[in-house]
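Q: below is the sequence, then the predicted model.
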Amino acid sequence: MVVTQEDEGFNWDKYIPGEKYALVAKVDNIWQRSFAREEINKLYDPFDEAKEAKRWDAERECYLDPQGNPVVDPNKVKFDDVVAVIATCHTRRSIKKDYEENLYKPINEVFYASLTKVMELEKKKE
């Protein structure tokens, strides 16, 4: 049995005799990790297609989609950063009506952070 931090100090022995339980400071949200995996998996098809078509941009050091936009290498995306963004946005879900719109913007920022040369060039333009 897993007990959350809010249950600290509660005596479970009288309700579940003989059951071993552990105090967990932070419960990992399976939904957030699954959603992050799903979003990262969506990057594979465009990346593989751009790689097969050999649309490499030497200046930006990345592959490009047919429209000339940078394509993110899913292997370079930091999984834990995507999970953190999803966790942050998900906690605000009930208060924000534009939750879904605001969810994908920070996720895409994490994705594009893996394109270091593209990010450097964009900063120089500003």
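A: Perfect, thanks for sending it.
Q: who touches the helix or strand hosting Arg33?
A: Element membership for Arg33 (DSSP states H and E) is helix 30-41. Helix 30-41 is contacted by residues 74, 77, 79, 82-83, 86-87, 90, 107 when judged by C-beta atoms under 8 Å, 6 or more residues apart in numbering. No exception for glycine: its C-beta is placed from N, CA and C like everyone else's.
Q: what's Leu43 in contact with, if anything?
A: 71-74, 77, 111.
Q: for those residues, which two are the farthest from each other?
A: The largest separation in those, counting by C-beta to C-beta, is between Val71 and Val77 at 11.9 Å.
Q: select the longest helix from the chain.
A: Using DSSP state H to define each element, the chain has its longest helix at helix 99-113.
Q: that older thread, of the contacts of Leu43, grab the buried ones for ChimeraX.
A: Of the contacts of Leu43, the buried ones go into a single ChimeraX selection, burial set by 16 or more other C-beta atoms under 10 Å:
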select :71,72,73,74,77,111
